[in-house]
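K.L.:
Here is the input, now give the coordinates:
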Amino acid sequence: MPRPLPLLLAAALTTAALLVPPAAAAPQDGGAPSSAAQWQDCAKLIGIPVDASVADCAVQHVPRDHSRPSDGTVAIVMLRRRATDPAHREGTLFVNPGGPGASGLHTAYRAERFLDPEVLARHDVIGFDPRGVNTSSALKCYLSQEEYLADAAGRTPVPVGADETARTLRSTADYTQACARNAGPLLAHTTTLNTARDLEELRRAIGVEQLGYVGFSYGTLLGATYANLYPQRVKAMVLDGNVDPALRSANGIEYDRRRAAGTELALKEFIRRCAVADGACPFGGDDDIDPQRTFDRIRDRLRTAPLTMPDSTTMTLSRFTAVVADSLATPSRHAALARTLAELDRAVDAAPSARTAETPEAVAPYRGDDSETAYNCLDKPYPPTPAFWPALAARWERESPTFGRMTAFESLPCATWPVRWWESDRYTGPWNRPTDQPVLVVGNRFDPTTQYRFAERMAAALGNSRLVSVDMIGHTALGLSRCVDDITTAYLLGRGAPPRGAADCRPDTEPF
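P.N.:
Numbers count the residues shown, from 1 in each chain. Purely as a prediction, here's the structure:
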């Protein structure tokens, strides 16, 4: 995903849309599909406080079920960041930050994080909340925060032992039953295929003949799906942090196993670079200490009990696993990760705490949505047998000792999801329909979220593509490598794609 927004702005853009009165909140399902987008002030339309001189918003109604357009619609919210040089405007770029389930509104509003000024001068940039996400008829499995907490109290993201595992299995089944009760008719239609069809409706609504698109992470799957449904409509497409589309749509279990292995590979490279950083990495240790062995000692200690950090907070195994994975994905957090690991190393010998179930805090009404789970469970095939997951997690933990167990249990809801993947309208290929212009595929060699091999397989699967490789630990590269940015700028401005096999880039900065 692109570089994160400053926290206050990101919170304002997301929270404001959720807290406005019902009359100004996200539109509800209903109404006929619109023929043309009607751009309005974002604050007045949906309560998002953005600079009206920079951006505006629109709501587009699309069929909830594209095969049965008369069955109702979904209101899709768009935000358009207007070209800074409208007299020389050349086109429009749609952007998707991934997830699945991430909002695209602030991604467009802060597009300077990953697009050069020359591109922004000549293009409108449009972000949208896909169906079920944030302001676009958010798919919610809970009616209240209390209901959410009642279910979540029994779930542990990285359960260890028979008791934690059994509680997690029961609580996850309760969660999917809540989805069956509360998520509504959109539940059966929250798939990438339908979102790609929605994107085509949005293209038509803004009145352009061909689509420009930049997708990150899961957004690469959305882009690849669109490119194969509507290859003649693709003007330019950049896919950064790629999924393996064929494997993801054919075998969710194997795709996730390889995802865990990719995260493990990125961790090993992080520890290796830390160890040779000549004292610049606080977790590097001295010549007599193996940092990999030290890391393993921390992880194994957390399997038995939490550790107390210097700031008196508690580090559990679940939190540790998530912090390491998230930090690896964001290069700006690598130095902080090294400091955290050094603190944990010093804390390992502290007195053990009693192991407790990990529960979220009741800090606000339930404002999230469950679209990420819906997309994953309907797009990716999983067996409908919850009892399969503990053995799966144990096997993956042997292969990927830090991330295998967490990655396995992430997909547990799919075993009891109310709509089965084989009943959904999902896209499984073909992936090789050629576009007029090559699709630009960007992959980091040590991507902890979507491993580099996925980018290679995406580039090989597409009918016309160019692969740009980056020697970097982190998830996605746009905005972090001048080399990648220059190639992307030239491509988006119609100056051509790089020759096959010629693009090999490095990041602008190194953490150590």
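K.L.:
Where do the domain boundaries of the protein fall?
P.N.:
7-135+207-245+431-505, 141-182+252-380+385-419 (automatic domain parsing).
K.L.:
show me where the stretch 251-400 of the chain has helices.
P.N.:
Using DSSP state H, counting those that start in this stretch, the helices of the stretch 251-400 of the chain run over 252-275, 291-302, 317-329, 334-347, 371-379, 388-399.
K.L.:
Comparing those, which stretch has the densest surroundings?
P.N.:
Among these, ranked by average contacts under mean count of other Cβ atoms under 10 Å, first place goes to helix 371-379 (a mean of 26). Where you see a C-beta, it was placed from the backbone N, CA and C, and this is true even at glycine.
K.L.:
from the middle of its chain, how far away would that helix be?
P.N.:
The chain centre lies 12 Å from the centre of helix 371-379; the measure is Cα atoms, centre = their mean, to the nearest Å.
K.L.:
who's in contact with the closest residue to Asp370 other than its chain neighbours?
P.N.:
Of all residues not flanking Asp370 in the chain, Cys141 sits nearest, at 4.5 Å (Cβ to Cβ, 6 or more residues apart in numbering). Cys141 makes contact with Tyr175, Thr176, Ala178, Cys179, Asn182, Ala183, Asp370, according to Cβ atoms under 8 Å, 6 or more residues apart in numbering.
K.L.:
cool, and Val470?
P.N.:
Residues near Val470 by Cβ under 8 Å, 6+ apart: Val442, Gly443, Asn444, Arg445, Ala477, Ser481, Cys483, Val484, Asp504, Cys505, Arg506, Pro507.
K.L.:
Skip the chain neighbours and tell me the closest residue to Thr340.
P.N.:
Thr340 sits nearest to Val323 (Cβ to Cβ, 6+ apart), 6.8 Å away.
K.L.:
Could you tell me whether Arg197 really is in a helix?
P.N.:
Yes. Per DSSP: H, G, I helix; E, B strand; the rest coil, Arg197 lies within a helix segment.
K.L.:
Tell me which residues touch the spatially most central residue of the chain, please.
P.N.:
Nearest to the mean C-alpha position of the chain, by Cα atoms, centre = their mean, lies Gly99 at 2.4 Å. By Cβ under 8 Å, 6+ apart, the contact set of Gly99 is Val133, Ser217, Tyr218, Gly219, Ser371, Glu372, Tyr375.
K.L.:
Helix or strand next in line after whichever strand or helix holds the fourth one, which one?
P.N.:
When elements are defined using DSSP states H and E, Gly219 is found to belong to helix 218-229. Moving toward the C-terminus from helix 218-229, the next helix or strand (DSSP H and E) is strand 234-240.
K.L.:
List of residues touching that following strand?
P.N.:
Contact with strand 234-240 is made by 91, 93, 210-217, 219-220, 223-224, 226-227, 435-437, 439-442, 458, 476-478, 488, 491-492, 494, as judged by Cβ under 8 Å, 6+ apart.
K.L.:
Weed out the non-buried ones from those.
P.N.:
91, 93, 210-217, 219-220, 223-224, 226-227, 435, 437, 439-442, 458, 476-478, 488, 491-492 (16 or more other Cβ atoms under 10 Å).
K.L.:
Low-confidence regions, the stretch 251-400 of the chain specifically.
P.N.:
Across the stretch 251-400 of the chain, the ranges flagged by pLDDT under 70 are 285-288, 350-366.
K.L.:
Let's see that with 80 instead.
P.N.:
Within the stretch 251-400 of the chain, the segments meeting pLDDT under 80 span 284-289, 349-367.
K.L.:
Could you do the stretch 1-150 of the chain as well?
P.N.:
Counting by pLDDT under 80, the ranges of the stretch 1-150 of the chain that qualify are 1-35.
K.L.:
what about the strands in it?
P.N.:
Using DSSP state E, counting those that start in this stretch, the strands of the stretch 1-150 of the chain run over 55-63, 73-81, 91-96, 123-128.
K.L.:
nearest to His189, of the ones you listed?
P.N.:
Minimum separation from His189 across those (Cβ to Cβ) falls at strand 73-81, 8.1 Å.
K.L.:
From the contact counts, what lies against that closest one?
P.N.:
strand 55-63, helix 105-109, strand 123-128, helix 192-206 (3 or more Cβ pairs under 8 Å, 6 or more residues apart in numbering; DSSP states H and E).
K.L.:
Other residues contacting the third one?
P.N.:
What it means is strand 123-128. 76-83, 89-97, 103-109, 111, 115, 136, 202, 206, 212, 492.
K.L.:
Parallel or antiparallel, list what pairs with it.
P.N.:
Counting by DSSP bridges, the strands paired with strand 123-128 are strand 73-81 (antiparallel), strand 91-96 (parallel).
K.L.:
Let me know the angle separating that strand from strand 234-240.
P.N.:
60 degrees (axes from the mean of the first three to the mean of the last three Cα atoms, to 10 degrees).
K.L.:
since we're on the residue nearest to Val50 when sequence neighbours are not counted, how many residues are nearby?
P.N.:
Spatial nearest neighbour of Val50, excluding adjacent residues (Cβ to Cβ, 6+ apart): Cys42 at 4.9 Å. Residue neighbour count, defined by other Cβ atoms under 10 Å, stands at 27 for Cys42.
K.L.:
just to revisit the earlier point, out of the strands of the stretch 1-150 of the chain, flag the one nearest Val158.
P.N.:
Among these, strand 91-96 sits nearest to Val158 (Cβ to Cβ), with 28.9 Å.
K.L.:
Measure how that closest one sits relative to helix 192-206, angle-wise.
P.N.:
When the same axes, to 10 degrees is applied, the directions of strand 91-96 and helix 192-206 differ by 150 degrees.
K.L.:
Identify all contacting residues around strand 91-96.
P.N.:
102, 104, 107-108, 111, 115, 119, 122-128, 130, 199, 202-203, 206, 208, 210-216, 218-219, 222-223, 235-236, 492.
K.L.:
again, 7 Å this time
P.N.:
Applying Cβ atoms under 7 Å, 6 or more residues apart in numbering, the external contacts of strand 91-96 come out as 104, 107-108, 111, 123-127, 199, 206, 208, 211-216, 219, 222, 235.
K.L.:
so how far is that strand off the chain centroid?
P.N.:
With Cα atoms, centre = their mean, you get 18 Å for strand 91-96.
K.L.:
what does stretch 259-272 give?
P.N.:
18 Å.
K.L.:
Return the alpha-carbon coordinates of it using CSV.
P.N.:
Output of stretch 259-272 as CSV, limited to C-alpha atoms (Å, rounded to 0.1, in the frame of the first residue of the first chain):
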residue,chain,number,x,y,z
ARG,A,259,2.0,-15.8,1.8
ALA,A,260,3.3,-16.9,5.2
ALA,A,261,6.5,-18.3,3.6
GLY,A,262,7.0,-14.9,2.0
THR,A,263,6.6,-13.1,5.3
GLU,A,264,9.1,-15.4,6.8
LEU,A,265,11.6,-14.8,4.0
ALA,A,266,11.3,-11.0,4.5
LEU,A,267,11.9,-11.4,8.2
LYS,A,268,15.1,-13.5,7.6
GLU,A,269,16.3,-10.8,5.2
PHE,A,270,15.5,-8.0,7.7
ILE,A,271,17.5,-9.9,10.4
ARG,A,272,20.4,-10.5,8.0
